[in-house]
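# what shape does this take:
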Amino acid sequence: MSAKKCEPPPQDPIATPQKATFLRLGHKNHSQWNALGSASFILISGGMSLAWGAGFAVHSAHREQLLLTVHMQIAWYITAILGALFGAFYTHRLPQQPIYIFASCLVMASGILFLAWPECPGAIIAARYLDGLANGLVFVPALSTVGEIGVNEIRGLLASTVEQLSSNTGILMQLLYTAVWQADWNVVIVADQVHGVLSIIYGVIALALSVTLCVESPVHLLMRSNEQRAVVALRHLQRPYMVTSETLLRLDEHKQYVAAYREMCLGTSLRKGYPSVIKLLALRLLGILCLNFIICCALYETASQLVSSFHAWPYVVFGVLRFSGCFFVVVLMDTTGRKKPTLFGTFSTGAFAIAFANLFGRTPNMITALVMLFGLQFFVGVGQCASAVYLTEAFPLGIKPHLVAMVYIMELITRLLLCSFAPSIDGITNYFHVLGGLSMVFFLLGIFCLPETRLVTLAEAQIKFSKWFNKDF
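Numbers count the residues shown, from 1 in each chain. Below is the predicted model:
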């Protein structure tokens, strides 16, 4: 009896191991982010260019030309489409490292043009061509292989960080330095030169990471029947850098994934990938509808009625809330999952869009309308975060790069169509009513159609996506 009394009380078997497991996973697998770090910084520059092209460039000497000159409007999107088409061809066929190095150099060249000739329209157009090409070249291989590089336990965190968090970081940086120049600080360089300096910094970091830490996808190497190099790649994607039983288990999992692809003909792959394309296009296009020139006009019209002259703070709050929505949800991708945040964010986006449409244009309610617009951006960040994870999980291996490129190109075409549309006050109201309605429709369909793919293999995730209906949470 006394011996039993002296025994220490039983400890909670869950709390401490969970914390240790999360820290251990982060320490052990941080090399997987390093392998795609160059793509992240290139996509940050792309986020800045997207915001610049959407009209968040009131500081720029070229804003009038951006609105009136078709060449300047389409430059970034055209080369991004060409880069994506090439990416669909070379992903899983050619080594990625040379492409990442080349894209990093393009981003640096773009930044140099912005920095050296900020007043020259031709230089700005050329810079946007280069940055668009860099982002198109990198987007498809990065989103195709991020799920192959990341382990199942952090695949969601890795994919959403590489694409969504990077893009929203670029948008935030664009809005922040826009705010600085709107505040009319006494500085010696013009705002477009700041864009150039930041692009050069991103390009240099991306180049350093691509030269030193880039690791090829082990799945790509197995598709080329190079098992020895696949083992070496897996060894470099974990700590400690040695072959362990876990390394061999991951190798076996990738072998099964590649074997399933080899047994699947093109027709079967297309049939299984078709539902995924429809779902992801609907989700990703909703995100595009929430950042374009119409949204920029709505922000300007709403904020300018609250103050005598348009100040910087609406830009800052707009960018910070969009980034925060994504940042807070990224860490939930492998715990709470993908489906719940997506549905919650989409429903909230729809509710805030409809509320804004009903309040916009009513002078006594403009402060409330502005709050609704800010809230909408926060929940866009929440609802779109998992779209990057879904991109890397949804498609059959044999045609994954092609379908990722298809979704990305459709996004770019939609952005291109919206960038030159200058709406009236009534047009903005109607636009937000449509946005709210589409968001609600997607929310209802998503309950039954979107799959939950946390902690499953890529092959299992793709099987879930190939079904039209998935009621799992």
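# how far off centre is stretch 427-442?
Mean C-alpha position of stretch 427-442 versus that of the full chain (Cα atoms, centre = their mean, to the nearest Å) differs by 22 Å.
# list the contacts of it.
282-283, 286, 289-290, 294, 297-298, 301, 346-347, 349-354, 356-357, 360-361, 423 (Cβ atoms under 8 Å, 6 or more residues apart in numbering). Using the backbone N, CA and C atoms, a C-beta is placed for each residue, glycine as well.
# now it - C-alpha only, CSV.
What follows is stretch 427-442, C-alpha atoms only, in CSV (Å, rounded to 0.1, in the frame of the first residue of the first chain):
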residue,chain,number,x,y,z
GLY,A,427,-21.4,48.3,-61.0
ILE,A,428,-19.4,47.8,-57.7
THR,A,429,-22.6,47.2,-55.8
ASN,A,430,-23.7,44.6,-58.3
TYR,A,431,-20.3,43.0,-58.4
PHE,A,432,-20.3,42.4,-54.7
HIS,A,433,-23.8,41.0,-54.8
VAL,A,434,-22.6,38.5,-57.4
LEU,A,435,-19.5,37.7,-55.4
GLY,A,436,-21.6,37.0,-52.3
GLY,A,437,-24.0,34.8,-54.2
LEU,A,438,-21.2,32.8,-55.8
SER,A,439,-19.5,32.3,-52.5
MET,A,440,-22.7,31.0,-50.8
VAL,A,441,-23.3,28.6,-53.7
PHE,A,442,-19.7,27.3,-53.4
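# please shift the residue numbers so they start at 798 in all later answers.
All set: I'll call the first residue 798, so the last point we hit is now stretch 1224-1239.
# rewinding a little: mind checking which of the contacts of stretch 1224-1239 land in strands?
Among those, none falls in strands (DSSP state E).
# out of those, which are inside helices?
1079-1080, 1083, 1091, 1094-1095, 1098, 1143-1144, 1146-1151, 1153-1154 (DSSP state H).
# can you report how many residues lie near residue 949?
A total of 18 residues lie near residue 949 under the criterion other Cβ atoms under 10 Å.
# likewise for residue 985?
5.
# give me the pLDDT value at it.
At residue 985, the model reports a pLDDT of 72.
# over to residue 864?
67.
# what ranges does the stretch 898-1047 of the chain have for its helices?
Remark: helices assigned in the stretch 898-1047 of the chain by DSSP state H, counting those that start in this stretch are 918-946, 952-957, 963-979, 988-1009, 1015-1020, 1024-1033, 1042-1059.
# residues in contact with the nearest residue to residue 825 once chain neighbours are set aside?
Closest residue to residue 825 apart from its sequence neighbours, by Cβ to Cβ, 6 or more residues apart in numbering: residue 1036 at 5.1 Å. Residue 1036 makes contact with 824-828 under the criterion Cβ under 8 Å, 6+ apart.
# scan those residues and report the most crowded one.
That'd be residue 826 among the contacts of residue 1036, by other Cβ under 10 Å, with 20 neighbours.
# just checking, that residue touches residue 954?
No - assessed by Cβ atoms under 8 Å, residue 826 is found out of contact with residue 954, at 9.4 Å.
# overlap of the contact sets of those two?
residue 947.
# report the central residue of the chain.
The chain has residue 961 as the residue nearest its centroid, 2.5 Å off, counting by Cα atoms, centre = their mean.
# how much space separates that residue from residue 940?
From residue 961 across to residue 940, the span is 11 Å (Cβ to Cβ, to the nearest Å).
# how close does the residue lying closest to residue 1095 once chain neighbours are set aside get to residue 854?
Leaving aside its sequence neighbours, residue 1095 sits nearest to residue 1225 (Cβ to Cβ, 6+ apart; 5.0 Å). Residue 1225 is 19 Å from residue 854, where distance means Cβ to Cβ.
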